[in-house]
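Q: Let's see this in three dimensions:
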Amino acid sequence: MESKSFWKSGHKPSLFGAFLYFDISFMIWGMLGPLAVVIAMDYPMTPLEKANLVALPILGGSILRLVLGFMSDYIGPKLTAQIGMGVTLIPLLLGWLWVDSLSQLYVVALLLGVAGASFAAALPLAGQWYPKEHQGLAMGIAGAGNSGTVLATLFANRLATHFGSWEVVFGLAIIPIVVVFILFSIFARNSPNRPAPKKLSEYGTLLKQRDAWVFCAFYCVTFGGFVGLCNYLTIFFNTQYGLSPVRAADITTFCVIAGSFFRPVGGYLADKIGGTRMLTFLYTGACVMLVGVSFLPPLPVVVVMLFLGMMCLGAGNGSVFQLVPQRFGNEIGLMTGIVGAAGGLGGYALPLILGQLYSSYQSYTPGFVILSLIAAASMLLVLVMQSKWRGQWLKKSFSSKTESTSLSS
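A: Numbering: from 1, shown residues only. Here you go, the predicted model:
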């Protein structure tokens, strides 16, 4: 019964369109992660330069999410998404036909951020169609489009090896985004219940609220950890374990799958047991796994640990966005952009942390120790905020959900 009520409560073509747009955008956004080790053969780079290359698309995405979030609020998420896909063609064409130096590649990397900013249009497009009791699952399904990273890690290095050129991968990526643009334009629709546009000044008003910053911190760790590791793990496996570019990307794919496909699971379980409770479990799990990785165990062991750690981070993404619409239901467009930008900043910082500390100590142990401590601090923050929110909006949300459950049974 619950499954039927979910599928009947929204608009499936728009949900599918949001997923598809997010998925192909994430594929493009994450291309430089696996390709970095191939590109390094043409442009030799220090560990920090590699980290900077894979971090720049995340930084661009973080900045542009605010722009697309504002546009989604004013002109609607569908048109915003269409514009986003059109602009994404620019860095793809430049990467294919223009790049001739590492500095030019940095420009392309930053411009690829427009693909990562898709978050700020895809999630409002899907979420605005569904009531609060199904927000976790709806946002989780749309957000599972981050599985596009799997396509990047699985095929980017293979195509580069097959054609003998990493530039060709940028050209080939134009084909799927054009196809998705056509499908999205046909099937996706803005919700008739879309909130009225907010003024630009309301971003500032929203940021004066403590809870907005708390959600930014949560997502900075869950999404930032997920996307940062997605973009850096190929370098990690290549450097630490001496794997070939294709083999390193394949193992990264295995880890990315966990984070991608457990996002809707995290949203669904958060609907059932509460977002704060889920986040407590997930931050704890991520902390334990990252501590284990810091010991740099044999490859099979580290792969299992990273798989479980990425699973926790991916499910955490869904859990955070189960909570956000409950607290900021009328400002979901603005909050999606703000929280998404914070997540992007976390993803930008992670490769730089690992790259800088590896350059300094010739070991990845210090970097993963710091990441585990950040996860532990996040878990403590959840516990503190949970006790405060129970006396405010969280209690009301839980009460209304309990009442609806008892009525249906």
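
Q: could you check the distance from residue 183 over to residue 23?
A: Between residue 183 and residue 23 the computed distance is 11 Å (C-beta to C-beta, to the nearest Å). Where C-beta positions appear, they are placed from N, C-alpha and C, glycine not excepted.

Q: Any regions of the stretch 1-150 of the chain where pLDDT drops low?
A: For the stretch 1-150 of the chain, residues meeting the criterion pLDDT under 70 lie at 1-10, 129, 131-137, 139, 143-146.

Q: ranges for the helices of it?
A: Counting by DSSP state H, counting those that start in this stretch, residue ranges of the helices within the stretch 1-150 of the chain are 2-9, 12-29, 32-42, 47-75, 77-97, 102-111, 113-116, 119-127, 135-143, 148-163.

Q: neighbours around residue 196, how many?
A: Counted with other C-beta atoms under 10 Å, residues neighbouring residue 196 total 6.

Q: Let me see the contact set for the residue nearest to the spatial centre of the chain.
A: Central residue of the chain (C-alpha atoms, centre = their mean): residue 223, 4.8 Å from the mean position. Neighbouring residues of residue 223 by C-beta atoms under 8 Å, 6 or more residues apart in numbering: 313, 317, 320, 340, 343, 344, 346, 347.

Q: let's see 7 Å
A: By C-beta atoms under 7 Å, 6 or more residues apart in numbering, the residues touching residue 223 are 317, 343, 346, 347.

Q: List the buried residues in stretch 227-243.
A: 227-239, 243 (16 or more other C-beta atoms under 10 Å).

Q: wait, stretch 23-41
A: Under 16+ other C-beta under 10 Å, the buried positions of stretch 23-41 are 23-40.

Q: now do stretch 73-83
A: Neighbour-count burial for stretch 73-83, counted by 16+ other C-beta under 10 Å, picks out 73, 76, 77, 78, 80, 81, 82.

Q: need those residues in TSV with distance to residue 248, can you?
A: Shown next, in TSV, are the buried residues of stretch 73-83 (distance: C-beta to C-beta, whole Å):
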residue	distance to residue 248
73	40
76	41
77	36
78	38
80	35
81	32
82	35
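
Q: closest to residue 209 among those?
A: Using C-beta to C-beta, residue 73 comes nearest to residue 209 of the buried residues of stretch 73-83, at 17.3 Å.

Q: Can you verify my assumption that the closest one contacts residue 197?
A: Yes: at 5.1 Å, residue 73 and residue 197 qualify as touching, with contact defined as C-beta atoms under 7 Å.

Q: Look at the closest residue to residue 99 other than its chain neighbours and say how many residues are nearby.
A: Using C-beta to C-beta, 6 or more residues apart in numbering and skipping the chain neighbours, the partner closest in space to residue 99 is residue 105 (5.1 Å). When neighbours are defined as other C-beta under 10 Å, residue 105 has 24 of them.

Q: Can you give me the distance of residue 105 to residue 357?
A: In terms of C-beta to C-beta, residue 105 sits 24 Å off from residue 357.

Q: again with residue 154
A: 28 Å.

Q: in the stretch 301-409 of the chain, what spans have low per-residue confidence?
A: Using pLDDT under 70, the stretch 301-409 of the chain drops low at 333, 395-409.

Q: Would you state the strands of it in chain order?
A: In the stretch 301-409 of the chain, no segments count as strands under DSSP state E, counting those that start in this stretch.

Q: for the nearest residue to residue 167 once chain neighbours are set aside, what are its contacts?
A: Once flanking residues are discounted, residue 167 sits nearest to residue 96: 5.4 Å by C-beta to C-beta, 6+ apart. Residues in contact with residue 96 (C-beta under 7 Å, 6+ apart) are 167, 170, 171.

Q: Just give the nearest non-adjacent residue to the second one, would you?
A: It refers to residue 170. residue 95 (3.4 Å).

Q: Go ahead and confirm the one you found touches residue 107.
A: No: counting by C-beta under 7 Å, residue 95 stays clear of residue 107, with 9.7 Å between them.
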